[in-house]
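Engineer: Need a 3D model of the sequence below.
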Amino acid sequence: MAMHMTLMTVVIGAIVVQSDHVLTARLNSQFNRDLTEEGAEYSNAASIRPHGQLLPAFTRFYLDTHLRPSSLSLVIALNRPGPSPATTILASPDITAALSKRVIGQLLTPPARSSRLVNLTIADSRYRAYATPIRVAGRRVATLVAVRNLAHLSANRSSELKVALLEGLAALVAAVIAGYLLLGRVLRVVGEVTSTAERAAGGDLSLRLGYEGPDDEVGALARTVDTMLQRIDGAFSAQRQLLSDVSHQLRTPLTVIRGHLEVLARNPDADAEERAGTIALVIDELEHVSLMVERLLLLGRALEPDFIEEEPIDVRSLLDDVFDAAQFLAPRRWQLEEGPPLMLRGDRTKLRGALLNLIDNAVKATGETDTISVAVRHEGELIFEVADTGRGLSQEEQQRLFQRFSRSSDRYRGSGLGLAIVKAVAEAHGGRVELDSEPGRGARFRIVLPGERIVDAPLPEAEAEAVAG
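Structural biologist: From the prediction side, this is the model:
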């Protein structure tokens with residue numbers, strides 16, 4: 001707070017100093033302009049005086065009646081024509097004898113041949129004088145001297161500087177009050193953030209600031225901290241849930257393996273066929289555990305920024321590859337819809353694995369007489385679709401289908417991680433997974449990728465050959 005006040009004081013002090021320089025220059029300019037304008041006004045008035053009026057009589061009348069700024073006095077030296085030229089000195093009524101004598105001595109003897117500004121000091125008083133020759137009808141008839149006390153300039157400067165200082169002090173007080181209120185609120189929120197962070201570090205991740213103030217930078221900070229705490233809490237909850245799910249999923253195959261090996265150990269005289277059956281069962285369970293571990297590692301990597309390795313992908317080539325591999329999974333009525341000639345920017349290996357996961361789930365939900373179709377469409381977004389005519393899914397099953405270790409008792413028989421991986425791959429590409437299904441009417445899964453990932457749309461072969469020809 002002290003640093004804030006010091007900074008504001010320095011800034012406002014600099015503004016006042018700069019204002020003083022600007023004010024002094026402006027007042028000096030106005031002061032000089034008031035002096036120089038007197039010569040032009042007298043010359044114009046003398047040029048249009050009544051016909052027949054002599055210049056001395058007009059000048060006396062002009063000095064007695066002319067309105068001029070306060071503290072400004074005039075001395076006019078009239079040239080008298082004749083064989084022996086002389087000068088008549090006339091002065092405004094308010095001019096002192098000492099000032100008039102000094103002006104006559106310095107500026108009218110000899111008369112000024114050109115306009116000039118000079119500073120005079122008389123009895124500890126400072127004056128500024130302006131001397132200029134006066135011409136009427138092209139003939140020089142007089143010399144005018146306008147004199148003004150510089151104390152008037154200093155008084156105006158002091159008056160306006162006091163106003164500037166008062167305004168600066170008012171601004172400083174307002175800035176201090178505003179700074180106190182703002183910093184007080186900021187420090188209060190920062191204190192709450194620090195306290196909440198310390199308690200969260202102690203293990204209580206359910207804490208939130210719950211800020212309800214203005215929607216400004218302080219509010220943004222508080223909401224960001226709440227969002228961060230919520231995400232950390234969600235991450236820890238997901239981690240605990242994952243550990244619980246993994247331990248639960250691994251307990252069954254490990255228990256089965258241990259049980260069969262203990263039975264085999266207690267029966268050393270078991271025949272070769274029984275031993276071979278036990279070994280085959282143990283190997284099958286170990287393969288199941290190995291597959292689950294690999295898929296869990298893949299899901300873990302999905303949280304890393306370099307999860308996908310992007311490259312240009314020919315969409316038709318990718319779909320043909322997936323369709324060829326799918327037909328070896330099981331005998332079904334397979335259908336492939338020809339896709340558009342597009343190039344996609346993405347991770348070919350992970351997209352291929354995701355599509356095969358969808359096809360594998362479709363195989364598990366269908367019989368030999370059911371149809372499984374694979375297609376890709378470009379509708380602003382790029383849509384990969386795997387549809388089947390199998391048993392379909394209820395709304396309850398659809399809501400939990402993409403969660404880890406979630407399986408339908410009659411549809412899926414596996415690790416329960418395949419669709420979670422599909423979802424992770426789609427989201428890593430900036431897309432999403434959609435599902436449309438009803439019990440008894442099959443299912444339609446879609447991996448929807450944003451149109452920004454399409455990098456090229458090559459011509460069909462026939463058109464390319466025509467262009468080349």
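Engineer: which secondary element of this protein has the worst mean pLDDT?
Structural biologist: helix 461-468 (a mean of 44; mean pLDDT, DSSP states H and E).
Engineer: Quick one: the helices in the stretch 151-300 of the chain, in order.
Structural biologist: Using DSSP state H, counting those that start in this stretch, the helices of the stretch 151-300 of the chain run over residues 217-266, 272-301.
Engineer: Out of those helices, flag the one nearest Glu310.
Structural biologist: helix 272-301 (15.2 Å; CB to CB). Where you see a C-beta, it was placed from the backbone N, CA and C, and this is true even at glycine.
Engineer: continuing past the closest one, what's the next helix or strand?
Structural biologist: Downstream of helix 272-301, the first helix or strand assigned by DSSP states H and E is strand 311-314.
Engineer: contacting residues around that next one?
Structural biologist: Strand 311-314 is contacted from outside by Met343, Leu344, Arg345, Gly346, Asp347, Arg348, Leu351, Val455, Asp456, using CB atoms under 8 Å, 6 or more residues apart in numbering.
Engineer: Please convert these to a markdown table, extending it with pLDDT, distance to His66 and secondary structure.
Structural biologist: Listed next are those as a markdown table, based on pLDDT from 0 to 100; distance: CB to CB, whole Å; DSSP: H, G, I helix; E, B strand; the rest coil:
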| residue | pLDDT | distance to His66 | secondary structure |
| --- | --- | --- | --- |
| Met343 | 90 | 91 | strand |
| Leu344 | 89 | 92 | strand |
| Arg345 | 91 | 88 | strand |
| Gly346 | 90 | 92 | strand |
| Asp347 | 89 | 94 | coil |
| Arg348 | 90 | 98 | helix |
| Leu351 | 90 | 97 | helix |
| Val455 | 84 | 87 | strand |
| Asp456 | 63 | 89 | strand |
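Engineer: Now list the buried members of the residues you listed.
Structural biologist: Met343, Leu344, Arg345, Gly346, Asp347, Arg348, Leu351 (16 or more other CB atoms under 10 Å).
Engineer: For Leu319, see how far away the fourth one is.
Structural biologist: Distance, Gly346 to Leu319, by CB to CB, to the nearest Å: 13 Å.
Engineer: Could you do Thr224 as well?
Structural biologist: Distance from Thr224 to Leu319, counting by CB to CB: 43 Å.
Engineer: Make sure Arg377 is actually in contact with Glu338.
Structural biologist: No: using CB atoms under 8 Å, Arg377 makes no contact with Glu338, being 10.6 Å away.
Engineer: Comparing the two, which residue is more hemmed in?
Structural biologist: Arg377 (13 against 10; other CB atoms under 10 Å).
Engineer: got a list of what that one touches?
Structural biologist: Gly339, Pro340, Ile383, Glu385.
Engineer: Per-residue pLDDT of it, please?
Structural biologist: Looking at Arg377, its pLDDT is 90.
Engineer: Would it be right to say that it lies in a strand?
Structural biologist: Yes: Arg377 sits within a strand when classified using DSSP: H, G, I helix; E, B strand; the rest coil.
Engineer: Just grab the bridge partners of it for me.
Structural biologist: Going by DSSP bridges, Arg377 is paired in beta bridges with Ile383.
Engineer: ok, now how distant is it from Arg441?
Structural biologist: 21 Å.
Engineer: ditto for Ile421
Structural biologist: The value you get for Ile421 to Arg441, if CB to CB is used, is 26 Å.
Engineer: more crowded one of these two?
Structural biologist: A direct count of neighbours by other CB under 10 Å for Ile421 and Arg441 places Ile421 higher, at 21 against 13.
Engineer: Low-confidence stretches in the stretch 301-450 of the chain?
Structural biologist: 301-306, 400, 402-416 (pLDDT under 70).
Engineer: can you map out the helices along it?
Structural biologist: With helices called from DSSP H, counting those that start in this stretch, the stretch 301-450 of the chain shows them at 315-326, 348-364, 395-400, 418-428.
Engineer: quick one: low-confidence ranges for the stretch 1-150 of the chain?
Structural biologist: Ranges of the stretch 1-150 of the chain meeting pLDDT under 70: 1-5, 7-9, 11-13, 15-16, 19-20, 23, 81-86, 98, 109-112.
Engineer: follow-up on the earlier one: so Thr224 and Leu319 - more neighbours on which side?
Structural biologist: A direct count of neighbours by other CB under 10 Å for Thr224 and Leu319 places Leu319 higher, at 20 against 12.
Engineer: So which residue is smack in the middle of the chain?
Structural biologist: Glu217 (11.8 Å; CA atoms, centre = their mean).
Engineer: Skipping its backbone neighbours, what lies nearest Ala270 in space?
Structural biologist: Among residues not flanking Ala270 along the chain, Leu264 sits closest, at 6.4 Å (CB to CB, 6 or more residues apart in numbering).
Engineer: what's the distance between that neighbour and Pro253?
Structural biologist: 16 Å.
Engineer: can you check Ser290 too?
Structural biologist: Taking CB to CB, one finds Ser290 at 10 Å from Pro253.
Engineer: Compare the two (neighbour count), which wins?
Structural biologist: Neighbour tally, Ser290 and Pro253, criterion other CB under 10 Å: the higher count belongs to Pro253, 17 against 10.
Engineer: That one is in contact with Glu287, isn't it?
Structural biologist: No: counting by CB under 8 Å, Pro253 sits too far from Glu287 to count as a contact (9.6 Å).
Engineer: Please parse the protein into its domains.
Structural biologist: The chain resolves into domains spanning 2-156, 217-301, 311-456 when parsed by automatic domain parsing.
Engineer: for these, which one sits closest to Thr196?
Structural biologist: domain 217-301 (7.1 Å).
Engineer: do you know how far the nearest residue to Gly346 once chain neighbours are set aside is from Thr255?
Structural biologist: Nearest residue to Gly346 in three dimensions, chain neighbours excluded: His429, at 5.3 Å (CB to CB, 6+ apart). In this view, His429 and Thr255 are 38 Å apart by CB to CB.
Engineer: Could you count how many residues lie near the closest residue to Asn119 other than its chain neighbours?
Structural biologist: In space, and not counting its chain neighbours, Asn119 is closest to Arg128: 5.5 Å by CB to CB, 6+ apart. Number of residues near Arg128 (other CB under 10 Å) recorded here: 21.
Engineer: What's opposite Arg128 in the beta bridge?
Structural biologist: The partner residues for Arg128, given DSSP bridges, come to Asn119, Arg148.
Engineer: which other helices and strands contact the helix or strand that contains Ala131?
Structural biologist: Per DSSP H and E: Ala131 is located in strand 125-136. Strand 125-136 sits against helix 2-47, helix 97-107, strand 116-122, strand 139-149, helix 150-201, with contacts defined as 3 or more CB pairs under 8 Å, 6 or more residues apart in numbering; DSSP states H and E.
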